[in-house]
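Engineer: got a sequence here, can you build the structure:
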Amino acid sequence: MKILVTGGAGFIGRWVVKNLLEKKHDVFIVDSLIRGNENNLHEFKKNVHFKDFYKIDIINKKALGKIFKEKFDVIFHLASSCDVGLSIDNPTETFKTDIYGTFLLLEESRKSNTKFVFISTCMVYNINIDIAITEESPTMPRSPYAAGKLAGEELVLSYQHAYKLPVVILRPFNTYGPFGLFEKARGEGGVINLFLKRFIQNNNLHIYGSGKQTRDFLYVENCAEYIVKIGLSKKAEGEIFNISTGRETSINELARIICKNKSRITYVKHHHGQSEVMRLYGDMAKAKKIISPSVLVPLENGVKKTMLWLLKNRQYLKK
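Structural biologist: Numbers count the residues shown, from 1 in each chain. Purely as a prediction, here's the structure:
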């Protein structure tokens with residue numbers, strides 16, 4: 001198929017591109033490079049199925065119109081503001097990208113009836129008490145970033161109902177691994193990459209708040225594989241799906257996995273404590289009813305793989 005990936009030079013986007021190319025789909029990429037990095041795509045440039053890269057912002061209506069003359073079969077929409085803290089500091093830019101940008105892409109998809117796969121976030125969910133989060137769990141965005149994603153979901157569903165546009169919505173949990181944008185990830189979403197960077201540089205690991213907050217850490221290759229599998233499934237259309245492991249790990253536990261020396265683990269005041277969700281771990285039973293489950297990389301193994309990659313690619317440590 002002919003597939004467009006927005007945010008394809010970003011962290012998860014880069015791995016989605018890789019997965020699609022391995023399946024021999026023709027891939028086109030849109031990325032403003034505000035958060036993404038074109039070097040993330042370097043190894044794919046000679047692949048016969050890597051068709052084009054467009055350095056544009058998704059709020060550029062005129063440029064999007066020109067790109068959609070290609071008549072894509074599917075769009076994987078990953079371009080977003082992607083930072084909870086920055087969204088609190090600058091909600092205007094977050095809403096421009098995550099709501100208006102999504103609207104413009106939906107309009108282009110409507111005109112050509114292009115299947116629309118929207119990558120949302122687990123941050124849309126309400127505070128969780130004692131059970132794994134399902135797609136039926138209540139939502140309660142605690143930051144403009146989460147609100148923008150939830151608004152994006154509603155826009156996507158409205159286009160399905162109003163125009164019969166084939167759509168799929170995916171909510172990945174906390175993703176980590178090689179090519180993570182270390183300099184731009186703040187808070188628990190990027191905590192593994194940040195911890196590893198500080199550990200390798202012989203700096204203390206800083207934990208925001210108590211460290212009792214939990215997350216469902218998903219290795220990025222597993223995340224990308226599920227995005228492609230579910231996104232391309234006909235059975236998934238019109239539905240929302242979690243992408244997770246179902247394993248709950250506290251930030252304190254994570255720090256101990258990475259650093260055995262307790263004196264190097266310190267606690268600091270949270271930048272935006274009001275946006276903190278204390279428990280996040282997902283139930284993926286719904287997705288597993290329509291696709292074959294992937295073999296998940298265990299957290300300890302994923303941390304080791306990411307550290308080895310970092311040691312071989314030290315230029316990422318300088319960012």
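
Engineer: quick one, helices of this protein?
Structural biologist: Secondary structure of the chain, counting by DSSP state H: helices at 11-22, 61-67, 84-89, 91-95, 102-112, 144-163, 191-200, 220-232, 251-258, 285-288, 299-312.

Engineer: where among those helices is average confidence lowest?
Structural biologist: For the helices of the chain, mean pLDDT drops lowest on helix 84-89, to a mean of 84.

Engineer: for that helix, packing partners?
Structural biologist: Helix 84-89 is packed against helix 91-95, helix 144-163, with contacts defined by 3 or more C-beta pairs under 8 Å, 6 or more residues apart in numbering; DSSP states H and E. From N, CA and C alone the C-beta is placed, and that goes for glycine too.

Engineer: got the buried residues for that helix?
Structural biologist: By 16 or more other C-beta atoms under 10 Å, the buried positions in helix 84-89 come out as 84-88.

Engineer: just put those residues in CSV and tack on distance to Y208.
Structural biologist: Output for the buried residues of helix 84-89, formatted as CSV (distance: C-beta to C-beta, whole Å):
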residue, distance to Y208
V84, 11
G85, 10
L86, 15
S87, 16
I88, 14
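
Engineer: quick one: pLDDT of E183?
Structural biologist: pLDDT, E183: 43.

Engineer: please parse this structure into its domains.
Structural biologist: 2-173+220-243, 176-215+247-279+297-318 (automatic domain parsing).

Engineer: go through the ones you listed and name the closest to A287.
Structural biologist: domain 2-173+220-243 (4.5 Å; C-beta to C-beta).

Engineer: check which residues of stretch 89-107 are buried.
Structural biologist: So stretch 89-107, judged by 16+ other C-beta under 10 Å, has buried residues 91, 94-99, 101-106.

Engineer: same check on stretch 295-305?
Structural biologist: Quick answer for stretch 295-305 (16+ other C-beta under 10 Å): 296-297, 299, 302-303, 305.

Engineer: among the residues you listed, which two are most distant?
Structural biologist: It's L296 and V303 that sit farthest apart of the buried residues of stretch 295-305, by C-beta to C-beta, at 13.6 Å.

Engineer: just the CA trace of stretch 219-236, in CSV.
Structural biologist: C-alpha atoms of stretch 219-236 as CSV (Å, rounded to 0.1, in the frame of the first residue of the first chain):
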residue,chain,number,x,y,z
TYR,A,219,9.6,-1.2,24.2
VAL,A,220,9.4,0.9,21.1
GLU,A,221,9.7,-2.0,18.5
ASN,A,222,6.8,-3.7,20.2
CYS,A,223,4.8,-0.4,20.1
ALA,A,224,5.5,0.1,16.4
GLU,A,225,4.6,-3.5,15.5
TYR,A,226,1.2,-3.2,17.3
ILE,A,227,0.5,0.2,15.7
VAL,A,228,1.0,-1.3,12.3
LYS,A,229,-0.8,-4.5,13.0
ILE,A,230,-3.9,-2.9,14.5
GLY,A,231,-3.8,0.1,12.3
LEU,A,232,-4.0,-2.0,9.1
SER,A,233,-6.6,-4.4,10.4
LYS,A,234,-10.0,-4.1,8.8
LYS,A,235,-11.6,-5.4,12.1
ALA,A,236,-10.1,-2.5,14.0
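
Engineer: re earlier: out of the buried residues of stretch 89-107, who's nearest K312?
Structural biologist: The closest of the buried residues of stretch 89-107, once distances to K312 are taken by C-beta to C-beta, is T97, at 32.3 Å.

Engineer: spit out the contact partners of the closest one.
Structural biologist: 57-59, 79-81, 148 (C-beta atoms under 8 Å, 6 or more residues apart in numbering).

Engineer: show me what contacts Y176?
Structural biologist: 190-193, 217-220, 302-303, 306.

Engineer: out of the domains of the chain, nearest to K289?
Structural biologist: domain 2-173+220-243 (8.4 Å).

Engineer: chain center to that closest one: distance?
Structural biologist: On the basis of C-alpha atoms, centre = their mean, to the nearest Å, domain 2-173+220-243 sits 8 Å off its chain's mean C-alpha point.

Engineer: start and end of it, how far apart?
Structural biologist: Start-to-end span of domain 2-173+220-243 (C-alpha to C-alpha, to the nearest Å) is 24 Å.

Engineer: cool, and stretch 178-198?
Structural biologist: Note: stretch 178-198 ends 15 Å apart using C-alpha to C-alpha.

Engineer: wait, M123 touches M140, no?
Structural biologist: No: using C-beta atoms under 8 Å, M123 is not in contact with M140; the gap is 10.0 Å.
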